[in-house]
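Visitor: below is the sequence, then the predicted model.
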Amino acid sequence: MSLPPLVEPADELTVDEVRRYSRHLIIPDVGMEGQKRLKNAKVLCVGAGGLGSPTLMYLAAAGVGTLGIIEFDEVDESNLQRQVIHSQADIGRSKAESAKDTVLGINPYTQVNLHEERLDSSNVMDIFAPYDLIVDGTDNFATRYLVNDACVLLNKPYVWGSIYRFDGQASVFWSEHGPCYRCLYPEPPPPGMVPSCAEGGVLGVLCASVGSIQVNEAIKLLAGIGEPLVGRLMIYDALEMTYRQVKVRKDPDCAICGPNATVTELIDYEAFCGVVSDEAQEAAAGSTITPKQLKEWMDDGEQIDVIDVREQNEYEIVSIPGARLIPKNEFLMGNALQDLSQDKKIVLHCKTGVRSAEVLAVLKNAGFADAVHVGGGVIGWVNQIEPEKPVY
């Protein structure tokens with residue numbers, strides 16, 4: 001459905017701006033009026049990572065007058081494969097500052113506001129309030145639900161995108177005109193069920209594909225042109241090179257945008273989504289060791305069976321000496337239990353400790369009361385024991 005323009009046009013474009021945006025100005029659907037709306041627009045991008053990179057760069061190039069960036073992380077070398085707004089020289093820098101420099105290098109007429117803080121229920125309403133449109137480039141469920149609920153309460157549209165390996169999704173959520181994110185996903189998946197990009201990987205160029213869709217939708221909303229993805233979910237398969245759409249209807253029983261909403265204010269989204277399940281937290285309590293403790297056990301010749309519960313591709317990048325690979329899913333399916341040693345202490349680890357805690361809960365329930373897991377996982381091992389090894 002067509003929607004009215006989200007913002008009023010600016011008073012004028014300068015001569016330099018007319019030259020810069022001339023290829024937009026000669027498009028009848030955009031024209032002078034549409035470009036003035038873009039100039040007057042205030043767009044907030046949540047994250048300056050994989051999706052935030054193309055989003056910020058192309059919104060700046062398109063002539064959006066004010067861009068806000070929420071980002072508290074620093075640039076890491078592993079980011080550069082997909083986060084093209086940053087460069088080799090930016091490693092160790094604030095992502096927000098790095099992104100700002102790139103944006104201003106693309107378009108010095110864009111005003112950039114930095115919000116170098118972690119977004120949560122205490123600050124989201126104040127940060128979102130001045131902006132016309134929110135673009136969500138996050139990769140965790142807690143922040144997605146937080147962004148959605150804040151936008152519903154503030155009656156703001158937001159453009160959402162998601163990426164994983166070769167698959168991407170995008171939509172526009174605006175409760176005034178259609179469904180919100182909770183209408184599509186009423187509840188978050190169980191903790192540990194859906195791997196993050198850090199665990200499962202993502203094709204770098206997929207960020208550009210989905211990010212460009214997000215920018216396209218933002219421009220349409222701001223200028224009031226075309227048919228926005230309100231009520232539609234775009235699904236992209238990069239391997240098959242296919243796009244398909246799924247209709248998303250407003251849920252009359254939605255917890256936040258339905259007529260009988262039960263969520264009327266912001267909640268604790270970390271608790272709502274959970275980092276690890278209650279069972280995993282209970283299992284890990286008193287059964288978590290440090291990488292240094294594991295190294296001491298190895299040096300002392302302790303009878304231990306070190307098991308890596310990551311995937312084969314991760315194991316090939318870096319591993320703890322002597323660890324054998326049994327992926328997490330093998331434990332969840334019950335296939336791995338018969339291969340476990342009964343006369344050795346089982347020591348589990350993954351990348352950071354989340355997946356190994358979930359597996360630890362399975363082992364505890366199966367009677368392996370002495371099993372432990374390594375807090376910090378292989379990343380902690382590399383940082384503390386073998387810093388010459390690569391991390392990912």
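Guide: Happy to help now that I have it. Numbers count the residues shown, from 1 in each chain.

Visitor: going forward, measure contacts between C-alpha atoms and count neighbours the same way
Guide: Will do.

Visitor: how is this structure divided into domains?
Guide: If you go by the TED database, the domain ranges for the chain are 13-272, 276-383.

Visitor: next one: phi and psi at the residue most central in space within the chain?
Guide: In the chain, the centroid-proximal residue (Cα atoms, centre = their mean) is residue 139; its distance is 1.1 Å. Note on residue 139: its backbone torsions stand at phi -130, psi 20 [degrees, to the nearest 10].

Visitor: and whichever strand or helix holds residue 214, what does it pack against?
Guide: Assessed by DSSP states H and E, residue 214 sits inside helix 204-223. Where contact means 3 or more Cα pairs under 8 Å, 6 or more residues apart in numbering; DSSP states H and E, helix 204-223 is packed against helix 31-40, helix 52-62, strand 133-136, strand 158-164, strand 167-173.

Visitor: let me see the mean pLDDT of it.
Guide: When pLDDT is averaged over helix 204-223, the result is 97.

Visitor: let's see stretch 347-357 as CSV, backbone CA atoms only.
Guide: This file holds the C-alpha atoms of stretch 347-357, laid out as CSV (Å, rounded to 0.1, in the frame of the first residue of the first chain):
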residue,chain,number,x,y,z
VAL,A,347,35.3,-30.8,29.9
LEU,A,348,33.2,-29.0,27.3
HIS,A,349,33.9,-25.8,25.4
CYS,A,350,32.6,-23.8,22.5
LYS,A,351,33.6,-20.3,21.2
THR,A,352,32.6,-18.3,24.2
GLY,A,353,30.7,-20.6,26.6
VAL,A,354,27.1,-20.3,25.6
ARG,A,355,26.7,-23.5,23.6
SER,A,356,28.9,-25.5,26.0
ALA,A,357,26.6,-24.4,28.9
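
Visitor: who touches it?
Guide: Stretch 347-357 has contacts (Cα atoms under 8 Å, 6 or more residues apart in numbering) with 192, 199, 275-276, 280-281, 283-284, 304-310, 328, 359-360, 371-380.

Visitor: so where's the stretch 1-150 of the chain shaky on pLDDT?
Guide: Applying pLDDT under 70 to the stretch 1-150 of the chain flags no residue at all.

Visitor: could you pull out the strands for it?
Guide: Assigned by DSSP state E, counting those that start in this stretch, the strands in the stretch 1-150 of the chain fall at 42-46, 66-70, 111-115, 133-136.

Visitor: could those go into CSV alongside mean neighbour count and distance to residue 346?
Guide: Formatted as CSV, the strands of the stretch 1-150 of the chain follow (neighbours: other Cα atoms under 10 Å; distance: least, Cα to Cα, whole Å):
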stretch, mean neighbour count, distance to residue 346
strand 42-46, 25, 41
strand 66-70, 23, 42
strand 111-115, 17, 44
strand 133-136, 24, 41
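
Visitor: residue 303 and residue 342 touch, don't they?
Guide: No: using Cα atoms under 8 Å as the test, residue 303 is too far from residue 342 to be in contact (10.8 Å).

Visitor: in stretch 107-124, which residues are buried?
Guide: 107, 109-115, 119-121, 124 (16 or more other Cα atoms under 10 Å).

Visitor: again with stretch 89-96
Guide: Neighbour-count burial for stretch 89-96 [16+ other Cα under 10 Å]: 90-91, 94-96.

Visitor: ok, stretch 4-18 next?
Guide: In stretch 4-18, counting by 16+ other Cα under 10 Å, buried: 5-10.

Visitor: centre of the chain to that stretch, how far?
Guide: 32 Å (Cα atoms, centre = their mean, to the nearest Å).

Visitor: swap in stretch 375-386?
Guide: With Cα atoms, centre = their mean, you get 24 Å for stretch 375-386.
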